[in-house]
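Undergrad: can you look at this prediction? I've put the sequence above it.
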Amino acid sequence: MPPDFLETRSFASRRDFLSGLGGGFGMLALQALERSSVFGQDRLGVGEVDPLNPYLPRKPDFTPRAKSVIFLFMVGGPSQIDTFDYKPTLTDLDGKPVPESIRAALNGTRHANVFHGCDDVILKSPFRFERRGQSGMWVSELMPHVAEHVDDLCFIHSMQADSNNHAPASYQLHTGDVRAGKASLGSWVTYGLGTENSDLPGYVVLFDAGPLGGAANYTNGFLPPAFQPTRFRHSGPPVRDLLPRPGFAEGQRASIDLLQQLNREHRELNPGFLELDARIATYELAYRMQSAAMEVSQLDDEPEHIHKLYGIEDPETRTASFSRKCLMARRLVERGVRFVQLYDMPDKDGWDAHAKLVENHKPRAKWTDQGVAGLLADLKQRGLLESTLVIWASEFGRTPMRQGDLGRQHNAAGFTIWMAGGGVRAGTRIGATDELGLMAVERPVQFRDLHATILTALGIDYDRLSFSVNGRDERITGVAGSPNPLMDILI
């Protein structure tokens, strides 16, 4: 091919040609690497991110407890005092005003607005609580399946967010900042460590309807495009347009070989054009991902007892749908995917129970409880729980005060999350809210503390994991030295 021919061909048309031949998944991988020269962008003390293989596993800063993460995000704010934070005082004060001592404790703090939009009336939990497991953890009747695994969980009862609004609080949990545009935890982890499977993305998201605030929760922000997530579907082809259109499949390999030859010849004419190296690698990556992604999505290959464990055959379609996502998450980390972000949002409401708490929380607990429990049991029986950090969390909790028709308002002052596996001390709890479950009063935990704990479990020095943006070192944990990781919950 004469050089003048190469010089007249645009990269855009070559990408269009590949899209027609290789299907949309080739374009997905291409977009993940094009326009970025990540050569030389590294995590201090670890080494360079190879532009030809940005997911190449990288050595952690110290011995990790966990190798991968499954983050279960309950969209909308489930009520901590109706799930895992038992407060018998609510029954005694049902229908009465908030005690002045508790009101005074919040006034003057950044959480004083938690009273806005609420009636000054305590609403007891309509759900029955029981102590479960050898650890004697209190769990409500909403979560009977997860309750069977409390001895594997570590509850954090004193989480706090900086915002009482959905999107900012959700952004902060995902990216460390209440403002949109920052890099998500999954992108940071993949940027820092790469992945263990070169044929699959390092960071996958699973959802029906996305989180409140949209894609800014889980995207790569300012990090190189190679570290953006790939959305997988839990039924059918995992990625839209994954396979070539009929008539193109047989010649796909030959077409990619031709494109690679053209690219290599052009690279010889432009030896300093590092982005071209990434494009060359992308074509091969896309080709490999086609078969690997199809294989990981074959949930029907799992035995019947696994389907029953997760609740995949449940007649309630939303239960079955969430359970399939949980099983997909296990299959992904089993194959070396570093970070799986799973959202339970099946509709526009989520757990946002401003009214009719029972009618909101009861079905959502039913839709998610067995899938989460099945995931924990399956990981444990396969020996994967030791190396997989599982996190169950939301952007905030809900108030003990009544709102509207027997509902609850947002509460960023104190709420509960839990973690399991990945070197987390099982059957434990830290922190506490006041007697109403309104504000964290014992060992308040900020999102940056949680992020630092997760990164530490993965063997990453959270202060050194940074990326320069306009001359400023950005970190998911904020200013160096500011977080307080929960070292006592790590084994």
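TA: Okay, I see it.
Undergrad: leaving out chain neighbours, which residue sits closest to Lys380?
TA: Asp152 (6.8 Å; CB to CB, 6 or more residues apart in numbering). Every C-beta, even on glycine, is put in place using the N, C-alpha and C of the backbone.
Undergrad: surely the one you found touches Leu385?
TA: Yes. When contacts are counted by CB atoms under 8 Å, Asp152 is listed as touching Leu385 (7.1 Å).
Undergrad: quick check: neighbours shared by those two?
TA: Listed as contacting both Asp152 and Leu385 by CB atoms under 8 Å, 6 or more residues apart in numbering are Leu376, Ala420, Gly421.
Undergrad: from Gly192, how far off is the closest residue to Pro211 other than its chain neighbours?
TA: Distances taken as CB to CB, 6+ apart put Asn217 closest to Pro211, at 4.7 Å, once the chain neighbours are dropped. Separation of Asn217 from Gly192 (CB to CB, to the nearest Å) stands at 19 Å.
Undergrad: what number of residues lie near Arg233?
TA: Using other CB atoms under 10 Å, Arg233 is surrounded by 17 other residues.
Undergrad: actually, Pro229.
TA: For Pro229, using other CB under 10 Å, the count is 23.
Undergrad: residues contacting it?
TA: Ser184, Gly186, Ser187, Pro201, Tyr203, Val204, Val205, Tyr218, Thr219, Asn220, Gln341.
Undergrad: please apply the same query to Gly437.
TA: Listed by CB under 8 Å, 6+ apart, the contact partners of Gly437 are Gln80, Ile81, Asp85, Lys87, Leu90, Gly397, Pro400, Gly414.
Undergrad: just to check, the fourth one is in contact with Leu438?
TA: No. Checked against CB under 8 Å, the pair Lys87 and Leu438 is beyond contact range at 9.1 Å.
Undergrad: who touches both of these two?
TA: Contacts common to Lys87 and Leu438, judged by CB under 8 Å, 6+ apart, are Pro400.
Undergrad: okay, the two: which has more neighbours?
TA: Leu438 (29 against 23).
Undergrad: just give the closest residue to the more buried one, not the sequence neighbours.
TA: Nearest to Leu438 is Pro400, by CB to CB, 6+ apart, at 5.5 Å.
Undergrad: same check on Lys348?
TA: Ala209 is the one closest to Lys348 (CB to CB, 6+ apart), at 6.8 Å.
Undergrad: from memory that neighbour sits against Pro346, does it?
TA: Yes. Taking contacts as CB under 8 Å, Ala209 lies within contact range of Pro346: 6.4 Å.
Undergrad: so those two - more neighbours on which side?
TA: Legend: neighbour count by other CB under 10 Å for Ala209 and Pro346, higher for Pro346 (20 against 14).
Undergrad: what score does the more buried one have for pLDDT?
TA: Looking at Pro346, its pLDDT stands at 80.
Undergrad: Met137: neighbour count?
TA: 21.
Undergrad: need the contact list for the nearest residue to it once chain neighbours are set aside.
TA: Leaving aside its chain neighbours, Met137 sits nearest to Val150 (4.1 Å; criterion: CB to CB, 6+ apart). Contact analysis of Val150 by CB under 8 Å, 6+ apart lists Arg132, Gly133, Ser135, Met137, Val139, Gly427.
Undergrad: would a markdown table of those with distance to Asp314, secondary structure and pLDDT be doable?
TA: Output for the contacts of Val150, formatted as a markdown table (distance: CB to CB, whole Å; DSSP: H, G, I helix; E, B strand; the rest coil; pLDDT from 0 to 100):
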| residue | distance to Asp314 | secondary structure | pLDDT |
| --- | --- | --- | --- |
| Arg132 | 22 | strand | 98 |
| Gly133 | 25 | coil | 98 |
| Ser135 | 28 | coil | 97 |
| Met137 | 26 | strand | 98 |
| Val139 | 21 | strand | 98 |
| Gly427 | 28 | coil | 98 |
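Undergrad: out of the residues you listed, which end up buried?
TA: Neighbour-count burial (16 or more other CB atoms under 10 Å) applied to the contacts of Val150 gives Arg132, Gly133, Ser135, Met137, Val139, Gly427.
Undergrad: any chance of those residues in TSV, plus distance to Trp392?
TA: Formatted as TSV, those follow (distance: CB to CB, whole Å):
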residue	distance to Trp392
Arg132	16
Gly133	16
Ser135	16
Met137	14
Val139	12
Gly427	15
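Undergrad: quick check, nearest of those to Gln446?
TA: Met137 (23.5 Å; CB to CB).
Undergrad: please report the distance of that closest one from Arg65.
TA: Distance from Met137 to Arg65, by CB to CB: 22 Å.
Undergrad: same thing with Thr175?
TA: 23 Å.
Undergrad: check which helix or strand Lys366 maps to.
TA: Using DSSP states H and E, Lys366 maps to helix 357-381.
Undergrad: so how far is that helix from its chain's centroid?
TA: Centre-to-centre, helix 357-381 and its host chain are 17 Å apart (CA atoms, centre = their mean, to the nearest Å).
Undergrad: by contact count, what packs against the helix or strand just after it?
TA: Once helix 357-381 ends, the next helix or strand along the chain (criterion: DSSP H and E) is strand 388-393. For strand 388-393, the elements it packs on are strand 68-73, helix 357-381, strand 415-420, helix 447-457, judged by 3 or more CB pairs under 8 Å, 6 or more residues apart in numbering; DSSP states H and E.
Undergrad: repeat that for 7 Å
TA: Contact analysis of strand 388-393 by 3 or more CB pairs under 7 Å, 6 or more residues apart in numbering; DSSP states H and E lists strand 68-73, helix 357-381, strand 415-420 as its packing neighbours.
Undergrad: pretty sure Asp94 contacts Ser125?
TA: No. Applying CB atoms under 7 Å, one finds Asp94 not in contact with Ser125, separated by 9.3 Å.
Undergrad: which ones are touching the residue lying closest to His354 once chain neighbours are set aside?
TA: Spatial nearest neighbour of His354, chain neighbours left out: Gly407 (4.5 Å); criterion: CB to CB, 6+ apart. Taking CB atoms under 7 Å, 6 or more residues apart in numbering, we find Gly407 in contact with Ala353, His354, Ala355, Lys356, Leu357.
Undergrad: so the third one sits against Gln409, correct?
TA: Looking back up the chat, that one is Ala355. No. Counting by CB under 7 Å, Gln409 is not a contact partner of Ala355; they are 10.4 Å apart.
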